[in-house]
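Enquirer: got a structure for you, letters missing:
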């Protein structure tokens, strides 16, 4: 977006150079945005620790060692050990796998259903749109926590019940965001022009609507990813999701509460991990929205 | 000779409101017809209804025939096949009618990709040729640009290029020069004129300026309040307008062209404003602003055709020039 080029200027510049410049400028804008840099950095760290933990952790996160129970942080156990002598740092690393898995899969479920439904509601005003919107209202009104309880009761608590509960709860958010943004594009004159060219609705959605709303959707995905991680921790804490002994930030918090008076650090570590992760994803989402706004204004 | 585009009794309504009422006109192959009237007279809605592009909540009734096909009754699929291929449209605001995120060449070649099933490469090559036809000096370079890098006149020429891409039988141009600088209006108009000539296609030119229409068109249709009030050849309408509204429009237009000699004097205008849709008086829609109003205007005047002229007025202007004496209605 080389906004510096005046529309009426006889633009004698060579196009390739111009494009290269625009490309640099685009990249620079991303790297100059603090939300994107900090948020992206935290997210990268969490993703990295999740990947590394698949192959290697300092200790086996499940290995019990009563001799070293409730040890203070040391060179051997960087963040200390819990009541069974399990290494806190290893457990935190292993937990990031679950957080990312639940976050990614629930956002994926929500987008896979929410985005097409939102596009449908935008493109087909009338009965279809009304049906989609009423279903959206019903889903909105149905509390995610209740869904989690029902699912846990029916299928047993596991991370999949959490994924389903959060995923379903976020469907209406994506329907609304997609629909309202798609409507703006669909009412633009260039979509009218595209229809005058003989484009059909489906290909207008693909060629004009989706590319124009993609950044908004990605920003929303990032924000909801952070909320999904928070919700996952809460559900685990309540025993509706991942259950002990598997390590997750929520179960770590739950088991640490008995030692809050004596070993408060056990509560601090998973809390810090949750806060950092949520902050990282929501900062990234905010940053993407900011850049989008800036681009729209230019 | 049967008309290429034949509109009969076309009405456009938004719920109970009739925005366009009982509009009928023909456009023959290769003919250029101008559609004039103030903003809010239903010109653009008529064009959109012909294209089948009315927005949500608007419905059209009546008949729009293109060749042998009834367009209003055609399926959406069939309409998509015809749009951009047999019947094309040029919009008023070329900046908003071009997608800001796609290159000019991509958008100019779009109709060819849809209707001629050209590959992306082939469509882009064709787009360069089309840009050359609409007088771009370096078509290859402009094809790679984005809409914001072009001037208003260039964008409108690009829009015209995409409209002629599939050799349509009819082009609807909705105020194609209104959004442009006065200096480039003439150039775009001349270009449109030349291309319509070369392609041999029919043109329905919508404008609020009689001067624009008289320069390009063979025939003029005047609309007011969603109705056709008068139609005839350009020379008939300009030399002896019979509907008071056409006469008033003409007076404002003529005043602009001689304004240098009449500097200082007030520009003539049509008294009053166009009522908003649904608030037109019963009977003739123009009666409240008309200085030739009579008792009969309470009832909607019928369209009376005499030869190539048609008029809907109870008390038409007669004999502005003595030669029109033989036409007693």
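Expert: Great, that's in hand. Keep in mind the model is a prediction, meaning the values are calculated, not measured.
Enquirer: Show the pLDDT at the residue in the stretch 151-300 of chain B positioned nearest to chain A.
Expert: Residue of the stretch 151-300 of chain B nearest chain A, by Cβ to the nearest Cβ: residue B:151 (4.7 Å). C-betas here are computed from N, CA, C, even on glycine. For residue B:151, the model assigns a pLDDT of 91.
Enquirer: can you check residue A:51 too?
Expert: Turning to residue A:51, the model gives it a pLDDT of 94.
Enquirer: What of residue A:5?
Expert: According to the model, residue A:5 carries a pLDDT of 40.
Enquirer: Show me what from the stretch 151-298 of chain A comes close to chain B.
Expert: Applying Cβ under 8 Å from any Cβ of the partner chain, we find that the stretch 151-298 of chain A lies next to chain B at A:188-190, A:192-200, A:208, A:211-212.
Enquirer: now those: which count as buried?
Expert: Burial by neighbour count, judged by 16 or more other Cβ atoms under 10 Å in any protein chain shown, picks out A:188-190, A:192-200, A:208, A:212 from those.
Enquirer: Now do the contacts for the spatially closest residue to residue A:45 that is not a sequence neighbour.
Expert: In space, residue A:45 comes closest to residue A:280 once its chain neighbours are excluded; the distance is 7.7 Å by Cβ to Cβ, 6 or more residues apart in numbering or on different chains. With contacts defined as Cβ atoms under 8 Å, 6 or more residues apart in numbering or on different chains, residue A:280 is in contact with A:38, A:39, A:40, A:41, A:42, A:43, A:45, A:46, A:226.
Enquirer: Which of the residues you listed fall in helices?
Expert: A:38, A:39, A:40, A:41, A:42, A:43, A:45, A:46, A:226 (DSSP state H).
Enquirer: Please, which helix or strand holds the residue nearest to the third one when sequence neighbours are not counted?
Expert: Take residue A:40 and drop its neighbours on the chain: the residue closest to it by Cβ to Cβ, 6+ apart is residue A:284, 5.5 Å away. Under the criterion DSSP states H and E, the helix or strand holding residue A:284 is helix A:265-297.
Enquirer: Of all the residues in that helix, which ones are buried?
Expert: Counting neighbours by 16+ other Cβ under 10 Å, one finds that the buried residues in helix A:265-297 are A:266-267, A:269-270, A:273-274, A:277-278, A:280-292.
Enquirer: ditto for stretch B:96-115
Expert: Along stretch B:96-115, the positions that meet the burial threshold by neighbour count (16+ other Cβ under 10 Å) are B:96-99, B:102-115.
Enquirer: Kindly report the same for stretch A:258-267.
Expert: Going by neighbour count (16+ other Cβ under 10 Å), the buried part of stretch A:258-267 is A:263, A:266, A:267.
Enquirer: re the thing from before, which of the residues of the stretch 151-298 of chain A next to chain B sits closest to residue A:91?
Expert: Checking these against residue A:91 by Cβ to Cβ gives residue A:211 as the nearest, at 42.5 Å.
Enquirer: which helices and strands sit right next to the helix or strand containing residue A:131?
Expert: The secondary structure element spanning residue A:131 is helix A:127-141 (assigned by DSSP H and E). Where contact means 3 or more Cβ pairs under 8 Å, 6 or more residues apart in numbering or on different chains; DSSP states H and E, helix A:127-141 is packed against helix A:88-123, helix A:159-186.
Enquirer: I'd like the ones you listed as TSV, with mean neighbour count and distance to residue A:255 appended.
Expert: As requested, the helices and strands packed on helix A:127-141 are arranged in TSV below (neighbours: other Cβ atoms under 10 Å in any protein chain shown; distance: least, Cβ to Cβ, whole Å):
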stretch	mean neighbour count	distance to residue A:255
helix A:88-123	22	10
helix A:159-186	22	17
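Enquirer: Same list, the ones you listed, but as CSV with mean pLDDT and distance to residue B:63 please.
Expert: What follows is these, written out as CSV (pLDDT from 0 to 100; distance: least, Cβ to Cβ, whole Å):
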stretch, mean pLDDT, distance to residue B:63
helix A:88-123, 94, 28
helix A:159-186, 93, 28
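Enquirer: any chance of the ones you listed in JSON lines, with distance to residue B:241 too?
Expert: Formatted as JSON lines, the entries for the helices and strands packed on helix A:127-141 read as follows, by distance: least, Cβ to Cβ, whole Å:
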{"stretch": "helix A:88-123", "distance to residue B:241": "46"}
{"stretch": "helix A:159-186", "distance to residue B:241": "42"}
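Enquirer: wait, which of those helices is closest to residue B:235?
Expert: Between the helices and strands packed on helix A:127-141, helix A:159-186 lies closest to residue B:235; by Cβ to Cβ that is 44.0 Å.
Enquirer: helix or strand right after that closest one?
Expert: Toward the C-terminus from helix A:159-186 - assigned by DSSP H and E - lies helix A:189-196.
Enquirer: who does that next one touch, helix- and strand-wise?
Expert: Packed against helix A:189-196, as judged by 3+ Cβ pairs under 8 Å, 6+ apart, are the following elements: helix A:201-204, strand B:87-90.
Enquirer: what do you get if the cut-off is 10 Å, keeping everything else the same?
Expert: Under the contact definition 3 or more Cβ pairs under 10 Å, 6 or more residues apart in numbering or on different chains; DSSP states H and E, helix A:189-196 sits against helix A:159-186, helix A:201-204, helix B:43-51, strand B:87-90, helix B:104-108, helix B:110-115, helix B:152-164.
Enquirer: Return the residues in contact with the residue nearest to residue A:201 when sequence neighbours are not counted.
Expert: Nearest in space to residue A:201, with sequence neighbours left out and distances taken as Cβ to Cβ, 6+ apart, is residue A:123 at 5.3 Å. Residue A:123 makes contact with A:129, A:179, A:182, A:183, A:186, A:201, A:202, A:204, A:205, A:209, according to Cβ atoms under 10 Å, 6 or more residues apart in numbering or on different chains.
Enquirer: I'd assumed residue A:92 was in contact with residue A:265.
Expert: No - counting by Cβ atoms under 10 Å, residue A:92 is not a contact partner of residue A:265; they are 11.9 Å apart.
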